[in-house]
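> Build me a model from this:
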Amino acid sequence: MPRTKKTTSQKTKKPAEKKVRKSRKVSVVKDAEKPKVKKEKYFEGVGRRKTSIARVRFFPQTEKSFSVNEKPLEGYFPTKELQYTVLSPLSLMSLEEQSKVMVRVKGGGISSQAEAVRHGISKALVLFNADFRKKLKKAGFLTRDPRMRERKKFGLKRARRAPQWAKR
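Numbering: from 1, shown residues only. Model prediction:
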C-alpha cells in the first residue's frame with residue numbers, strides 16, 4: 001500500500017502551544033504562562049587577537065564601571081599600558097565616564113587579551129552608534145589583527161628552527 005502525503009490541514013499545529021511529556025502524561029504549556037525576564041539594554045561585541053576571545057557587553061548611560069571576568073579592570077590588567085590599551089576606544093569617543101562595560105575573556109596571554117577586549121569594545125561602540133565607525137576604523141581598532149603563531153613542523157624544533165648541525 002503506497003504512502004500518501006499529509007495535507008496541510010493535517011500538519012498544522014498551534015504555534016503558541018508546546019507539548020511537554022512527563023511520565024506518560026502529556027500536558028500543554030502556553031507561551032503566555034512563561035515568566036518574562038526584563039534585561040537591561042546593552043550592545044555586545046566579540047573581539048579576537050591571536051588565540052584570545054573577548055565577549056564585551058557595553059551598557060550606555062549608566063554609572064561608570066568596568067569588569068573583566070568579574071574582577072575590576074585594575075585587578076585583571078595590572079599595568080597602566082594594558083589598561084590604556086583596553087580603554088582607548090572609550091577615551092577616543094569620550095565615553096569612559098558614562099558607560100558600564102562587562103567583559104568575558106579567555107585564551108592567549110594577557111597582552112593579546114587586552115587587544116581582544118579593545119577590539120570587542122570597538123565593535124560594541126559601532127553597534128551603539130554607527131557614526132563612531134569612521135574614527136575607530138582610522139585608529140585601527142576595528143581591524144582584526146590576523147597575525148598568529150606559526151605551527152611547529154615535524155623534523156624541526158619550532159616553526160623554522162632546525163636542530164643544530166655538526167659536520168664532525
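> mind listing the strands in the chain by residue range?
17-22, 25-30, 43-49, 52-60, 65-68, 71-72, 99-106 (DSSP state E).
> closest one to Arg147 among the ones you listed?
strand 43-49 (8.8 Å; CB to CB). Bear in mind the C-beta positions are built from the backbone N, C-alpha and C, glycine included.
> Centre of the chain to that closest one, how far?
Distance of strand 43-49 from the chain centroid (CA atoms, centre = their mean, to the nearest Å) equals 4 Å.
> Can you list the strands that it pairs with?
Sheet pairing of strand 43-49 (DSSP bridges) gives strand 52-60 (antiparallel).
> what comes up buried for the lengthiest helix in the chain?
Secondary structure of the chain per DSSP state H: the longest helix is helix 110-128. Within helix 110-128, the residues scored as buried using 16 or more other CB atoms under 10 Å are 111-126, 128.
> What are the contacting residues of it?
Here helix 110-128 makes contact (CB atoms under 8 Å, 6 or more residues apart in numbering) with 43-58, 60, 68, 77, 82, 85-86, 88-90, 93, 95, 101, 103, 105, 107-108, 132-133, 136, 141-142, 144-145.
> Can you redo the strands of the chain as TSV, where the extra columns are distance to Glu150, mean neighbour count and mean pLDDT?
Output for the strands of the chain, formatted as TSV (distance: least, CB to CB, whole Å; neighbours: other CB atoms under 10 Å; pLDDT from 0 to 100):
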stretch	distance to Glu150	mean neighbour count	mean pLDDT
strand 17-22	51	9	57
strand 25-30	54	9	54
strand 43-49	16	19	95
strand 52-60	17	21	94
strand 65-68	29	18	93
strand 71-72	32	12	95
strand 99-106	22	20	94
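> Distance to Arg161 added to those, as JSON lines?
Below are the strands of the chain laid out as JSON lines (distance: least, CB to CB, whole Å):
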{"stretch": "strand 17-22", "distance to Arg161": "59"}
{"stretch": "strand 25-30", "distance to Arg161": "62"}
{"stretch": "strand 43-49", "distance to Arg161": "24"}
{"stretch": "strand 52-60", "distance to Arg161": "25"}
{"stretch": "strand 65-68", "distance to Arg161": "35"}
{"stretch": "strand 71-72", "distance to Arg161": "37"}
{"stretch": "strand 99-106", "distance to Arg161": "29"}
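> bridging residues for the spatially closest residue to Glu44 that is not a sequence neighbour?
Taking CB to CB, 6 or more residues apart in numbering, and ignoring the residues beside it in sequence, Glu44 has Arg57 as its nearest neighbour in space, at 5.4 Å. Per DSSP bridges, the residues bridged to Arg57 are Glu44, Met102.
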